[in-house]
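Q: can you look at this prediction? I've put the sequence above it.
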Amino acid sequence: MHKLKNIRNIGLIAHIDAGKTTTTERILYITGRTYKLGEVNEGTAVMDWMEQEQERGITITAAATTCQWVNHRINIIDTPGHVDFTAEVERSLKILDGCVVVFCAVGGVEPQSETVWRQADKYEVARIAFVNKMDRTGADFFAVIKQMQSRLGANIAPIQLPYGKENEFKGIIDLLEEKLIVYGDESSKEEKQQPIPQDIREEANRYHTILIEHLAEADDIIMDKFIHNKPIKKDEIKKALRRTIVKNKFVPVLCGSSLQNKGIAPLLNAICEYLPSPLEVPPVKGIQPRTDDYEERVASTDAPFCALCFKVMIDSYVGKLHFVRVYSGRVSTGSYIYNATQRTKERVSKIVRMHANRQEVVEELQAGDIGVLVGLKETRTGNSLCEKEAPILLEKIRFPQPVISMSIEPVKKDEQDKLGLVLRKLQDEDPTFILTHNEDTGQTLISGMGQLHLEIMAERLLREFNVETRMGRPFVSYRETITKKVVSTGKFIQQTGGRGQYGHVVIEMEPQETPGAGLSFVNKMKGGAIPREFISSVKEGIMSAAKSGALAGFPVIDVVVTLMDGSSHEVDSSDLAFQMAASLAFCDGIKKAGPILLEPIMDMEIVVPEESMGVVIGDLNSRRARINALHQRKNLRIINVFTPLAEIFDYATTLRSLTTGRGSYTMEPSHYAQVPSYIAEKIIGRKTEVSG
């Protein structure tokens, strides 16, 4: 077992195609964890183990592995870069102590680069920046540095410079060691160190001074020496780097070419030297469930066991795999633990460390470890695991809300139950994949973070569970209401030779004063013309009739129905007769009361870069949106709007296109509003055709 001070829990985060997975592959190769170079483009990358990842050349799910480097154990999580899988980044950063943010030397700071940087800010994760692909045509290290400083607003400075660029990229200049590192061919682990050539020494000295200046901004010791013009030794700079990086006050920038295996060993050295161990991050915070008192757990194997389940994965052979970060104490195979969130006892039947999709059985996990528990029955993503005698509830992981919904149905009708079962399994794995059933339309709906997210889920249904499905645009749950007050009469009279049926009601219908108040029933009967025992039958008949309106058969809302009068027969009156009479009165009255169609309106908050605001507002206007407010947050604009749900099913894709991927939004249901007549005519026409 490694000492806590020698453990590094890190993640690799970046925009799609910046080279995270290739960097991870090279780390595994350099550290001797693998003996063959895996390639993303060839589908041989160890960390991209899913079939869809190998076919598409992108990372879909966060994959975990571990390796050794100079007496350190580095637990690594390789995260997706595509915006549709941002939840994988969210849950990974929640439990990591540090991260490497990978940037493409050609693309620079791309939209998802900003997103993952903000996520790292949110969880206060210490980070190192690595500018990759220095060998690519168009690579510009210094342009990327400028973009990072302007767009990310962080205290950033390079501790390395590239030696050559594009196809002339040969190695890196180490500003701390003041040496040049030159590499051989891409499969070689060897590197040659030599003095910095005279022709670039002046530039190296200039950036060494820039590094000191940026460190001085974040560290009082360096500031004191800098302003008093005292010499600053190499060891003092390294200690200041560690202090400022751990406190999240400075981000060093390294460079290299992962594909050519250049710059990986110095990156590993920086991870071990500068990123925090579990001992150097703040103690995990939680609530004592018995007393609701605030509590902290320090990273120690002697403290009571405490862990967070941050991911659940389905394995076709062993069932559910529960990924956990252990914050304190230890857990061993065969032991019982307590799920403080679900308030249940769980037994750990097996413990494994993951190497992508391969499992290595271990006997225990201890403070600082990331691993997998097998055998847990009730545990879900975000649950707190601990000892029953020392319970603690850790803060839950907050996932973004799904932004797109699709209807789904099995191609074979007899697989409906199987589909529902499998969808619930996938929902257990991915908290941003939501399964709902719309009672109004009868559709099963799946919601996710984007079109690609849902396409991947449909592929998994077919490949892993052999369920073929059809997906389509979901129906909108429209409603109907009335615009004026009317009085309506309903009579239900039948004579069939024996006992007949007799029910007679007079009702008044009018719009609710407050929109959203629903359907109300008021009894103003006097004199007992309708016996009291039949009043509930009248109400039941009205509520049943309100499920289908006069225009297109949508439910009726926001109407007050008042029972004014009626009559009964001492022999023939019955519950059924008054239900039918009330239903007839309601259906007749709604036709005369100026019925209109209502549509659901969403309350949206859209965050876009300043330069994209004009085109975004133009697009919103075309979607019948009503802008309520505009705000500013640093260099971002926030637009608050009310928008019809029917107009925004594809909005996630459109917003990404309009803002080059830098925009985001959240929404929630607000209210119902009248559908414009020209749109209402089309909806009613379609509904009539379907009914016909």
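A: Looks like it came in fine. Numbering: from 1, shown residues only.
Q: list the buried residues of stretch 303-319.
A: 303, 304, 305, 306, 307, 308, 309, 310, 311, 312, 313, 314 (16 or more other Cβ atoms under 10 Å). For glycine as for every other residue, the C-beta is placed from the backbone atoms N, C-alpha and C.
Q: what do you get for stretch 393-400?
A: 393, 394, 397, 399.
Q: correct me if wrong, but the last one is in a helix.
A: By that I understand residue 399. No - assessed with DSSP: H, G, I helix; E, B strand; the rest coil, residue 399 is coil; it does not lie in a helix.
Q: doesn't residue 91 make contact with it?
A: Yes - the criterion here is Cβ atoms under 8 Å, and residue 399 meets it with residue 91 at 7.5 Å.
Q: just to revisit the earlier point, now tabulate the buried residues of stretch 303-319 in JSON lines and tack on pLDDT and distance to residue 237.
A: Shown next, in JSON lines, are the buried residues of stretch 303-319 (pLDDT from 0 to 100; distance: Cβ to Cβ, whole Å):
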{"residue": "303", "pLDDT": "92", "distance to residue 237": "35"}
{"residue": "304", "pLDDT": "93", "distance to residue 237": "40"}
{"residue": "305", "pLDDT": "94", "distance to residue 237": "39"}
{"residue": "306", "pLDDT": "94", "distance to residue 237": "36"}
{"residue": "307", "pLDDT": "94", "distance to residue 237": "37"}
{"residue": "308", "pLDDT": "93", "distance to residue 237": "35"}
{"residue": "309", "pLDDT": "92", "distance to residue 237": "40"}
{"residue": "310", "pLDDT": "89", "distance to residue 237": "35"}
{"residue": "311", "pLDDT": "86", "distance to residue 237": "38"}
{"residue": "312", "pLDDT": "87", "distance to residue 237": "43"}
{"residue": "313", "pLDDT": "83", "distance to residue 237": "42"}
{"residue": "314", "pLDDT": "78", "distance to residue 237": "48"}
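Q: excluding its backbone neighbours, what's nearest residue 675?
A: Closest residue to residue 675 apart from its sequence neighbours, by Cβ to Cβ, 6 or more residues apart in numbering: residue 597 at 4.4 Å.
Q: does that neighbour have beta-bridge partners, and which?
A: residue 480 (DSSP bridges).
Q: now for it: which residues touch it?
A: 478, 479, 480, 551, 552, 554, 674, 675, 680, 683, 684 (Cβ atoms under 8 Å, 6 or more residues apart in numbering).
Q: overlap of the contact sets of residue 399 and residue 91?
A: Joint contacts of residue 399 and residue 91 (Cβ under 8 Å, 6+ apart) are residue 431.
Q: picking up where we left off before, out of the contacts of residue 597, which end up buried?
A: Buried among the contacts of residue 597 (16+ other Cβ under 10 Å): 478, 479, 480, 551, 552, 554, 675, 680, 683, 684.
Q: of the residues you listed, which belong to strands?
A: 479, 480 (DSSP state E).
Q: dihedrals phi and psi, the most centrally placed residue in the chain?
A: The chain has residue 87 as the residue nearest its centroid, 3.2 Å off, counting by Cα atoms, centre = their mean. Backbone torsions of residue 87, given as degrees, to the nearest 10, read phi -60, psi -30.
Q: got the phi and psi for the nearest residue to it once chain neighbours are set aside?
A: Nearest residue to residue 87 in three dimensions, chain neighbours excluded: residue 432, at 4.2 Å (Cβ to Cβ, 6+ apart). Main-chain dihedrals, residue 432, degrees, to the nearest 10: phi -90, psi 0.
Q: ok, residue 432 touching residue 457?
A: No - taking Cβ under 8 Å as the definition, residue 432 is not a contact partner of residue 457, at 10.7 Å.
Q: name the residues contacting each of these two.
A: residue 448.
Q: before we move on, the earlier item: let me know the pLDDT of the residue nearest to the centre of the chain.
A: pLDDT for residue 87: 73.
Q: hey, where'd the helices end up in the stretch 151-300 of the chain?
A: Remark: helices assigned in the stretch 151-300 of the chain by DSSP state H, counting those that start in this stretch are 198-218, 220-227, 234-246, 264-274.
Q: pLDDT value on residue 43, please?
A: Taking residue 43 on its own, its pLDDT is 45.
Q: now do residue 297
A: Reported pLDDT for residue 297: 91.
Q: so it makes contact with residue 392?
A: Yes - look at residue 297 against residue 392 with Cβ under 8 Å: they come within range, at 6.4 Å.
Q: what's the weakest-modelled helix or strand in this protein?
A: helix 51-56 (a mean of 50; mean pLDDT, DSSP states H and E).
Q: next SSE after that one?
A: strand 63-69 (DSSP states H and E).
Q: neighbouring strands of that following strand in the sheet, and parallel or not?
A: When DSSP bridges is applied, strand 63-69 pairs with strand 72-78 (antiparallel).
Q: and the helix or strand hosting residue 352, how far out from the chain middle?
A: Using DSSP H and E, residue 352 falls within strand 350-355. Offset of strand 350-355 from its chain centre (Cα atoms, centre = their mean, to the nearest Å): 25 Å.
Q: helices or strands next to it in the packing?
A: strand 63-69, strand 319-328, strand 358-362, strand 370-374 (3 or more Cβ pairs under 8 Å, 6 or more residues apart in numbering; DSSP states H and E).
Q: related to what we said a few turns ago, Throw the buried residues of stretch 303-319 into CSV and include distance to residue 588, thanks.
A: Putting the buried residues of stretch 303-319 into CSV (distance: Cβ to Cβ, whole Å) gives the following:
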residue, distance to residue 588
303, 73
304, 70
305, 68
306, 66
307, 64
308, 60
309, 58
310, 59
311, 58
312, 54
313, 58
314, 55
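Q: just give me the closest of these to residue 532.
A: residue 312 (55.2 Å; Cβ to Cβ).
Q: and the angle for the helix or strand containing that closest one with strand 370-374?
A: Using DSSP H and E, residue 312 maps to strand 306-315. Using axes from the mean of the first three to the mean of the last three Cα atoms, to 10 degrees, the direction of strand 306-315 lies 60 degrees away from that of strand 370-374.
Q: and strand 306-315, which strands flank it?
A: When pairs are called by DSSP bridges, strand 306-315 turns out to pair with strand 319-328 (antiparallel), strand 384-386 (antiparallel).
Q: shared neighbours, residue 297 and residue 392?
A: 286, 306.
Q: shouldn't residue 7 be in contact with residue 76?
A: No - checked against Cβ under 8 Å, the pair residue 7 and residue 76 is beyond contact range at 11.9 Å.
Q: run a quick neighbour tally on residue 267.
A: 24 (other Cβ atoms under 10 Å).
Q: again with the one 5 residues further on
A: Using other Cβ under 10 Å as the criterion, residue 272 is surrounded by 17 other residues.
Q: now residue 553
A: Residue 553, neighbours per other Cβ under 10 Å, totals 15.
Q: gap between it and residue 191?
A: 73 Å (Cβ to Cβ, to the nearest Å).
Q: and if you look at residue 406?
A: Residue 406 is 50 Å from residue 191, by Cβ to Cβ.
Q: those two: which has the busier surroundings?
A: Using other Cβ under 10 Å as the criterion, residue 406 and residue 191 rank with residue 406 on top: 22 against 17.
Q: quick check, that one in contact with residue 473.
A: Yes - counting by Cβ under 8 Å, residue 406 touches residue 473, with 7.1 Å between them.
Q: show me the strands in the stretch 351-500 of the chain, by range?
A: 358-362, 364-366, 370-374, 384-386, 393-394, 404-410, 434-437, 444-448, 469-472, 479-481, 486-494 (DSSP state E, counting those that start in this stretch).
Q: tell me the most buried of those strands?
A: Highest mean neighbour count among the strands of the stretch 351-500 of the chain (mean count of other Cβ atoms under 10 Å): strand 384-386, with a mean of 26.
Q: tell me how many other residues surround residue 392.
A: 24.
Q: all set, thanks.
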